[in-house]
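> From the sequence below, what's the structure:
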Amino acid sequence: MRTYSTSEIAGIMEIHPNTVMLYEKWGYIAPVERKINGYRVYTETHLEQIKLVRMALRSDWIKYYMKFEVSNIIRSAAQGDLIKAYELSREYLMHIQNEKNNELKVMKVIQEILKSDSLEEKNIQLNRNGAAKLLGVSINIIINWERYGLLEVPRSKNGYRVYGENEIKLLRVIKALRQENYRTQCICRMLKKLKSKYNGNDMLLSEETEDSGDWLLSFMSEAERDAKELIDYIGKLISKKQDV
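Okay, the predicted model is just below:
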């Protein structure tokens, strides 16, 4: 049986050697034997497991609770229980497909926010405290959203942040997505889609949207594709194991 060093297996998978060792530490691959000098010795099984890990972690835009499902799939495979990993991956795919359907409802809510024409918010100019009160969230939440790069707020001549109609709508969109447990990376990508649609126009959030909200969907379709590929890969590993 062919074996690999840490640097060799990292090179094959095009990842950093430290990442390979972290996978072992996290239980994402089976325990690795050491030589007398302490060097790790990886096998073809480890290579297959790392391929599975990379495939499973490809969709980094999935919701928080799905990360636990992915971890369970990976750890089951690392423990040699491919049947369980296969079953868990099929359940994971079903959850993705359900979320994809639910996402259409969320997009309708977001479109209503974008198309809203509230007189109370016309020409509005609020400080951060006022914006937080209007949205019903704490100031710290808005600070975190800004810190994560979810929005940029213009400043007045004296340097204070000014939240106008566009910023308030954007905050409402972020709040709606947060309430649906979308991860920060996913929200960032969705907001980029939103901004690119309006070409960075200052009024990008107050213009009419298209009848279909498909353009604003997150990357659940890609997550669905990746999950199907993962299921297929685990199925091939099971068949390979049965043929031995």
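
> Glu112 versus the closest residue in space to Ser116 that isn't next to it in sequence, what's the distance?
Leaving aside its sequence neighbours, Ser116 sits nearest to Lys169 (Cβ to Cβ, 6 or more residues apart in numbering; 7.2 Å). Backbone N, C-alpha and C define where each C-beta goes, glycine included. Lys169 sits 11 Å away from Glu112, going by Cβ to Cβ, to the nearest Å.

> Which of these two has more residues huddled nearby?
Using other Cβ atoms under 10 Å, the more surrounded residue of Lys169 and Glu112 is Lys169, with 20 against 12.

> Touching, the more buried one and Lys115? I think so.
No: Lys169 is not in contact with Lys115 according to Cβ atoms under 8 Å; the separation is 9.6 Å.

> just checking, what packs against the lowest-mean-pLDDT helix or strand in the chain?
The helix or strand of the chain with the lowest confidence, counting by mean pLDDT, DSSP states H and E, is helix 184-197 at a mean of 78. Judged by 3 or more Cβ pairs under 8 Å, 6 or more residues apart in numbering; DSSP states H and E, helix 184-197 is in contact with helix 165-179.

> switch to 10 Å and redo it
helix 82-115, helix 139-147, helix 165-179 (3 or more Cβ pairs under 10 Å, 6 or more residues apart in numbering; DSSP states H and E).

> Out of those, which is closest to Lys67?
Closest to Lys67 of the helices and strands packed on helix 184-197 is helix 82-115 (Cβ to Cβ; 10.7 Å).

> now the helices and strands packed on helix 184-197 as TSV including distance to Ile231?
Listed next are the helices and strands packed on helix 184-197 as TSV, based on distance: least, Cβ to Cβ, whole Å:
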stretch	distance to Ile231
helix 82-115	5
helix 139-147	35
helix 165-179	28
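
> Mind putting those into TSV with mean pLDDT and distance to Ile124?
Shown next, in TSV, are those (pLDDT from 0 to 100; distance: least, Cβ to Cβ, whole Å):
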stretch	mean pLDDT	distance to Ile124
helix 82-115	87	15
helix 139-147	93	15
helix 165-179	89	6
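
> most tightly surrounded among those?
Stretch with highest mean neighbour count among the helices and strands packed on helix 184-197: helix 165-179 (a mean of 20; mean count of other Cβ atoms under 10 Å).

> Distance from the chain centre to it, please.
18 Å (Cα atoms, centre = their mean, to the nearest Å).

> That helix vs helix 139-147, what angle?
100 degrees (axes from the mean of the first three to the mean of the last three Cα atoms, to 10 degrees).

> about what we covered before: for the residue nearest to Ser116, give its distance to Leu134.
Going from Lys169 to Leu134 by Cβ to Cβ gives 11 Å.
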